[in-house]
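*Asks:* no FASTA, just this:
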């Protein structure tokens with residue numbers, strides 16, 4: 001239903017630096033034409049977002065209790081001891097009744113603070129002979145979360161279960177922590193000198209949680225119960241993602257009849273709220289030119305007009321970019337604005353190259369806004385617990 005496959009392409013590639021802050025109605029058959037996380041479970045076949053959806057096929061729920069003493073899966077960048085530390089962090093969260101979003105936050109934090117190693121420091125007397133897995137750079141910070149003296153004794157902070165419990169105790173006191181960006185929540189707990197660094201670990205932390213606890217990062221808390229693959233209408237999955245609108249996918253990604261269709265069309269009534277699929281920074285918020293070079297987005301478009309209409313591109317941690325096209329009015333967000341997962345960024349319309357109201361939604365990898373970076377949004381969103389539903 002749009003000329004979106006090439007939206008932004010004729011402008012040339014956008015050169016992006018490292019983003020520290022981050023880092024839907026009757027369904028119509030609508031016509032449209034047209035880095036990234038490098039850590040994966042051994043044996044899952046490489047980059048799932050690009051080459052398949054092995055993670056999306058992983059069973060989700062009921063959430064499995066982690067067996068710390070059992071055999072654990074292997075990860076390309078972490079050894080057995082580090083994975084076991086991750087399992088301890090998750091198990092403590094499970095035992096405390098902390099929702100699975102908290103396990104992702106805790107893992108990402110420990111990944112940044114210690115690379116999941118139980119670190120001592122030069123200030124620990126050798127006479128204590130406490131078990132640890134290396135010596136950190138900070139003189140008075142210890143353990144998986146590099147906790148300082150106020151968190152407990154030396155022996156306590158070097159106990160992974162104790163350290164995890166103390167982290168969760170403070171985490172759950174952060175207001176609206178399940179809806180807020182991981183960087184914000186982790187910083188409220190840790191008070192780190194580098195608060196933005198946590199975001200880069202969210203993707204891998206989610207994959208570890210999925211592997212160790214039966215797809216738990218794909219769940220959302222509904223009425224106190226973890227429900228799989230249901231993150232929509234502003235509810236955020238433990239992975240940090242949500243569906244941009246509730247609705248059925250009509251036109252698919254790069255079909256035989258439309259090979260340059262670089263996204264999917266989701267049918268929705270005009271005016272349906274569009275939400276940011278994840279926390280990110282606004283790259284583009286504008287009216288796309290039509291085939292004649294006009295910026296004419298305040299009226300309904302038509303097939304063959306060309307252009308994305310009113311649209312937004314968001315950059316997320318991990319180098320992911322999401323695109324939202326054919327809005328009915330100017331988007332509610334501006335370039336360089338930081339938006340949170342589930343935040344309303346605009347409303348469904350039919351501007352640009354469109355035959356009726358819908359959202360054209362794209363996902364791109366490696367900071368690449370062009371067609372070369374586009375991947376199928378359906379498996380990508382499903383493996384994050386925020387599936388785009390099939391048309392009924």
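*Replies:* The structure has been received and is ready for your questions. Since we're looking at a predicted model, the values are computed, not measured. Numbering: from 1, shown residues only.

*Asks:* the longest helix anywhere in the chain - what's its average pLDDT?
*Replies:* In the chain, assigned by DSSP state H, the helix with the most residues is helix 80-96. Averaged over helix 80-96, pLDDT sits at 96.

*Asks:* surely residue 144 is in contact with residue 159?
*Replies:* No. Using Cβ atoms under 8 Å, residue 144 is not in contact with residue 159, being 9.6 Å away. Where C-beta positions appear, they are placed from N, C-alpha and C, glycine not excepted.

*Asks:* who has more neighbours, those two?
*Replies:* residue 144 (32 against 21; other Cβ atoms under 10 Å).

*Asks:* contacts only, for that one.
*Replies:* By Cβ atoms under 8 Å, 6 or more residues apart in numbering, the contact set of residue 144 is 85, 89, 110, 113-114, 116-119, 160, 163-164.

*Asks:* can you do 10 Å?
*Replies:* Contacts for residue 144 (Cβ atoms under 10 Å, 6 or more residues apart in numbering) come out as 82, 85-86, 88-89, 106-107, 109-111, 113-119, 133, 157-164, 167.

*Asks:* excluding chain neighbours, what is closest to it?
*Replies:* Nearest non-adjacent residue to residue 144, counting by Cβ to Cβ, 6 or more residues apart in numbering: residue 110, 4.5 Å away.

*Asks:* name the next helix or strand downstream of the host helix or strand of that neighbour, please.
*Replies:* According to DSSP states H and E, residue 110 maps onto helix 100-114. For helix 100-114, the following helix or strand on the C-terminal side (DSSP H and E) is helix 154-157.

*Asks:* same for the helix or strand just after that following helix, what does it pack against?
*Replies:* Going down the chain from helix 154-157, the next helix or strand is helix 160-171, by DSSP H and E. Packing partners of helix 160-171 (3 or more Cβ pairs under 10 Å, 6 or more residues apart in numbering; DSSP states H and E): helix 80-96, helix 100-114, helix 154-157, helix 182-190.

*Asks:* which of the residues in the last one are buried?
*Replies:* Within helix 182-190, the residues that qualify as buried by neighbour count (16 or more other Cβ atoms under 10 Å) are 182-190.

*Asks:* the next helix or strand after that helix vs helix 80-96, what angle?
*Replies:* Beyond helix 182-190 in the direction of the C-terminus, DSSP H and E gives the next helix or strand as helix 202-212. Relative orientation of helix 202-212 versus helix 80-96 (axes from the mean of the first three to the mean of the last three Cα atoms, to 10 degrees): 80 degrees.
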